[in-house]
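Asker: Curious how this folds, go ahead:
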Amino acid sequence: MNYGSSACGALAEQMRPSGPLHTIAVMTTLANRVYTALLVIDVQAGVVASAHARDEVVANIAALVGRARRDGIAVIWVQHADADLPVGSEPWRIVAELSPADDEPLIAKNYGDSFEDTDLESTLADLGVGHLVVVGAQTDQCIRCTIHGGFTRGYDVTLVADAHTTEDLSAWGAPPPDQVIAHTNLYWAQQGAPGRRANVAAAAEVVW
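Answerer: This next block holds a predicted model:
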């Protein structure tokens, strides 16, 4: 698999859709960015071990990955590392149900926003991507940071309602995880900004 964007230029053309696969217009404010990518964030063993509806969410993500590959949509993986998820450890590894292909970019990150101090932006630029379909974990941390990070950078962002999750942090004052997920879906569907679109869709209803 490709860590970062060093090989992305060579891969960009082969990963671009070969036909008119986009059934909605991309509104992004970014010039010449007409393609869509599926962004799979932090679906790692240690991140989702205690996550709400873990198996259902991972299954929905796996189905979307399969559909994206069949439809010629770029799949980009994000993998977090920190003191609790040291690189190479079992908790750091992407879950067994998911397997990045060798030609799919894998972005290593250390911050909540997947754009911060990573090659994500240059990878997306090389692929001509202006619309992000976002799945993964955790809803109230890296998912929220990344969807806002992408939107403020000019991307259209679709959050997949039943393909993101978080753990129960109610002991620290957070709402129960199902309510965190529901509220994130609710408020993201209401976002708007000039020249770009925020959207929420169920996995079965995602439009590239």
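
Asker: tell me the centre residue of the protein?
Answerer: residue 39 (2.7 Å; C-alpha atoms, centre = their mean).

Asker: longest helix of the protein?
Answerer: helix 54-71 (DSSP state H).

Asker: Please export the C-alpha coordinates of that one as CSV.
Answerer: In CSV, the C-alpha atoms belonging to helix 54-71 read as follows (Å, rounded to 0.1, in the frame of the first residue of the first chain):
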residue,chain,number,x,y,z
ARG,A,54,-18.8,-2.1,15.9
ASP,A,55,-19.6,-5.1,13.7
GLU,A,56,-22.4,-3.5,11.8
VAL,A,57,-20.4,-0.3,11.2
VAL,A,58,-17.4,-2.3,9.9
ALA,A,59,-19.6,-4.4,7.7
ASN,A,60,-21.1,-1.2,6.2
ILE,A,61,-17.6,0.2,5.6
ALA,A,62,-16.5,-3.0,4.0
ALA,A,63,-19.5,-2.9,1.6
LEU,A,64,-18.7,0.7,0.7
VAL,A,65,-15.1,-0.1,0.0
GLY,A,66,-16.1,-3.0,-2.2
ARG,A,67,-18.6,-0.8,-4.1
ALA,A,68,-16.1,2.0,-4.5
ARG,A,69,-13.5,-0.3,-6.0
ARG,A,70,-16.1,-1.7,-8.4
ASP,A,71,-17.1,1.8,-9.5
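
Asker: Just list what that helix packs against, helices and strands only.
Answerer: Contacts defined by 3 or more C-beta pairs under 8 Å, 6 or more residues apart in numbering; DSSP states H and E place helix 54-71 against strand 35-41, helix 45-48, strand 74-80, strand 129-137, strand 156-165. Backbone N, C-alpha and C define where each C-beta goes, glycine included.

Asker: got a markdown table for those, with mean pLDDT and distance to residue 204 too?
Answerer: What follows is these, written out as a markdown table (pLDDT from 0 to 100; distance: least, C-beta to C-beta, whole Å):
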| stretch | mean pLDDT | distance to residue 204 |
| --- | --- | --- |
| strand 35-41 | 98 | 14 |
| helix 45-48 | 98 | 21 |
| strand 74-80 | 98 | 18 |
| strand 129-137 | 98 | 13 |
| strand 156-165 | 98 | 8 |
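
Asker: want to throw the ones you listed into CSV with distance to residue 187?
Answerer: What follows is the helices and strands packed on helix 54-71, written out as CSV (distance: least, C-beta to C-beta, whole Å):
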stretch, distance to residue 187
strand 35-41, 18
helix 45-48, 22
strand 74-80, 22
strand 129-137, 14
strand 156-165, 10
